[in-house]
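[1] Here you go, sequence then predicted model.
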Amino acid sequence: MPSMRTFVAAVAIAITGTAAVFAQAPRQVSLVITNGIVVTVDGASRVITPGAIAIDGADIVAVDAADNIRRQFRGRDTIDAGGQVVMPGLVNTHTHAPMVLFRGLADDLALEEWLTRYIFPAEAKTVSPEFVRAGTRLAVLEMIESGTTTYADMYYFEEEIAKETKAAGVRGVLGETIIQFPVADAKTPAEGLARAETFINAFRRDPLITPAVAPHAIYTNDSATLKAARALSMKYGVPTLIHMAETQTEAMTANERGSPTVVSYLDALGFLGPGVVAAHAVWVNDTDMALLKARGVGVSHNPESNMKLASGIAPVKAYLASNVAIGLGTDGAASNNDLDMFEAMRAASFLQKVATRDPTAVSAKTAVQMATIGGARALGMERQIGSLEAGKRADVIIVRMSAARQTPMYDPISHLVYVTRGDDVQTTIVNGKVLMRNRKVLTLDRAAILRDAKTWAGKVSAAVAR
């Protein structure tokens, strides 16, 4: 018969062995993406091949080599991304989402003529909550299909945009537009500000929607309205979205108001500061860039819209050298004419190369950073999104690399910028939720959205013809 001491020792060994087995058991998580070319865009710019990501709920819990993730985690769902790039979801820092319904309505014009002769009149005749809902559904469908997981927007009836964006599962920084003249949802700036405050209170704690205030520009708002819009943003600690220094004509408006530049004019008003996102910021000088950096302003570079409207070329190389928080945007699809951030990356890189005569001006690596972590930083969201790192929200896209034009592939970063298109995106995930899998959008009725958009196109055509 064994002694009591021997028996106790045997039990202890058994317990210890059992504990070791449990300690080594993989942790169950909601989703594992494995076998991909993982482009992390983290501080070390790691590219892990083959790599994997463990996601639990809305969060990334680990990014590592596929074998390491396999040993540590078991997913209730698994996506095999073999041969594909896994990367952070793209961050579009400037849009007017419902304007997809004006796509191609007026082209080959300067900004002022395009706005005053075509867009503003068309909006006056057609924009309504129903129009905005239909346009937003079409826009977020396009964004999901092309890999945008977060977008910044300024338009009218922004609460309707927020509802549709949230229903589709996309992340949005959405600004209620404040403008001096009567528009579809507000007859006066005061009414617009009141609507913005109501909108902020309705969505300020939403996990996907960040409400914002969006004074349109200095040429469509007086100084009192600009100050009031910024004060409202600061009262609630929400972003301020504004068109800034987009054209030479806008710079002349600042001159007429006693300031040498648009940036100096807004700074004199006390407008600039953290949380301000400046769309375009083309017509700036070195002093302006230093001010934007010092005040913590984010910049949204929209190369395709700037080229198409002949607005000018933003000094992106100088912004990057100054460490200004700068991301990429598409602008609205009425002036671009799409929401494809892969095109924005390519255009941003090519435009700076030719403008500076420096082929290194915006490298492929820099363009990818601008479309992801750079955009997140411009929006003040770099702690939550923009890179694949443990603790961040699980905003992830999977991009195929098997098309004829993508073959062969020596460098995945180069391919993402110089050959890849939005329709190469296979899977889109936001906040840990799969919105599109193998090109099938799961949160929207694609056919119904396209039918609705075509119906609205007929209404727009009839309205502008009158």
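    Arrived safely.
[2] What score does residue 3 have for pLDDT?
    The score at residue 3 is 56. That number is its pLDDT.
[3] Please read the previous query as pertaining to residue 18.
    Looking at residue 18, its pLDDT reads 45.
[4] ok, now residue 119?
    On the pLDDT scale, residue 119 gets 89.
[5] Next, count neighbours for it.
    Residue 119: 21 surrounding residues under other C-beta atoms under 10 Å. C-beta coordinates here come from the backbone N, C-alpha and C atoms, glycine included.
[6] Contacts only, for it.
    99, 102, 105-106, 334 (C-beta atoms under 8 Å, 6 or more residues apart in numbering).
[7] Then it would be within a helix, right?
    Yes. The assignment for residue 119 by DSSP: H, G, I helix; E, B strand; the rest coil puts it in a helix.
[8] nearest to residue 373, of the contacts of residue 119?
    Closest to residue 373 out of those is residue 99 (27.0 Å), distances taken as C-beta to C-beta.
[9] what's the nearest residue to the closest one if we skip its chain neighbours?
    Setting aside the residues directly before and after it, residue 99 is nearest to residue 332 in space (C-beta to C-beta, 6 or more residues apart in numbering), at 3.8 Å.
[10] So the one you found: helix, strand or coil?
    Secondary structure assignment for residue 332 (three-state DSSP): coil.
[11] So it versus residue 37, what's the distance?
    33 Å (C-beta to C-beta, to the nearest Å).
[12] same deal with residue 78?
    Distance from residue 78 to residue 37, by C-beta to C-beta: 17 Å.
[13] Residue 52 now?
    Residue 52 is 11 Å from residue 37, by C-beta to C-beta.
[14] Do a quick rundown of the strands in the stretch 251-400 of the chain.
    Assigned by DSSP state E, counting those that start in this stretch, the strands in the stretch 251-400 of the chain fall at 276-280, 298-301, 325-328, 396-399.
[15] Out of those strands, which is the most enclosed?
    Neighbour counts (mean count of other C-beta atoms under 10 Å) averaged over each of these peak at strand 298-301, with a mean of 30.
[16] contacting residues around the nearest residue to residue 27 once chain neighbours are set aside?
    Counting by C-beta to C-beta, 6+ apart, residue 73 is the residue found nearest to residue 27 once chain neighbours are left out, at 5.3 Å. Residue 73 is in contact with 26-29, 32, 54, 61-62, counting by C-beta under 8 Å, 6+ apart.
[17] Just the ones in strands from those residues, please.
    Counting by DSSP state E, the contacts of residue 73 place 27-29, 32, 54, 61-62 in strands.
[18] buried subset of these?
    Taking 16 or more other C-beta atoms under 10 Å as the criterion, what is buried in the ones in strands among the contacts of residue 73 is 29, 32, 54, 61-62.
[19] Just put the residues you listed in CSV and tack on distance to residue 159 and pLDDT.
    Converted to CSV, those look like this (distance: C-beta to C-beta, whole Å; pLDDT from 0 to 100):
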residue, distance to residue 159, pLDDT
29, 35, 98
32, 37, 98
54, 36, 98
61, 34, 98
62, 37, 98
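[20] of these, closest to residue 196?
    residue 61 (36.7 Å).
[21] Not counting residues beside it along the chain, what's closest to residue 271?
    Going by C-beta to C-beta, 6+ apart, residue 271 has residue 230 as its nearest residue, at 4.9 Å.
[22] Does that neighbour belong to a helix, a strand or coil?
    Going by three-state DSSP: residue 230 is helix.
[23] still on that earlier bit, kindly present the ones in strands among the contacts of residue 73 as a markdown table, with separate columns for distance to residue 204.
    Formatted as a markdown table, these follow (distance: C-beta to C-beta, whole Å):
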| residue | distance to residue 204 |
| --- | --- |
| 27 | 34 |
| 28 | 34 |
| 29 | 30 |
| 32 | 33 |
| 54 | 31 |
| 61 | 27 |
| 62 | 31 |
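[24] now, the most widely separated pair of these?
    28 and 62 (13.0 Å).
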